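Undergrad: sequence unknown, structure follows:
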């Protein structure tokens with residue numbers, strides 16, 4: 001876990017002004033097979049986006065407002 005300042009969260013694009021001053025902005029989860037992960041999301045109706053470098057980011061609506069990244 002990495003604790004960062006509000007400024008760093010803003011710079012990374014992970015800030016959330018509606019969550020207060022202390023919250024889980026984001027987390028990165030390492031998965032065994034990133035190529036099969038999108039299918040699991042599709043099967044469960046979870047919106048996500050593919051990012052440069054092969055990572056996936058789940059829509060925060062599914063993660064209580066945090067940004068979850070899968071690599």
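TA: Nice, I can see it. These numbers come from a predicted model, not from an experiment. Numbers count the residues shown, from 1 in each chain.
Undergrad: doesn't residue 33 fall inside a strand?
TA: No - applying DSSP: H, G, I helix; E, B strand; the rest coil, one finds residue 33 to be coil, outside a strand.
Undergrad: buried residues, stretch 54-66. List them.
TA: Neighbour-count burial for stretch 54-66 flags 56-58, 60, 66 (criterion: 16 or more other CB atoms under 10 Å). Using the backbone N, CA and C atoms, a C-beta is placed for each residue, glycine as well.
Undergrad: so what's the residue count around residue 37?
TA: 17 (other CB atoms under 10 Å).
Undergrad: so who does it touch?
TA: Applying CB atoms under 8 Å, 6 or more residues apart in numbering to residue 37 gives the contacts 31, 56, 70.
Undergrad: show me the contacts for the second one.
TA: This points to residue 56. Residue 56 neighbours (CB under 8 Å, 6+ apart): 34, 37-38, 41, 48-50, 69-71.
Undergrad: tell me how far residue 36 lies from residue 43.
TA: 11 Å (CB to CB, to the nearest Å).
Undergrad: output the below-cut-off pLDDT ranges for this protein.
TA: Residues of the chain that meet the criterion pLDDT under 70 lie in 1-2, 17, 19-23.
Undergrad: mind listing the strands for the protein?
TA: 26-29, 48-50, 56-58, 67-70 (DSSP state E).
Undergrad: what count of nearby residues applies to residue 50?
TA: Residue 50 has 11 nearby residues by other CB under 10 Å.
Undergrad: give the bridge partners for it, please.
TA: residue 56 (DSSP bridges).
Undergrad: for residue 27, same thing?
TA: residue 68.
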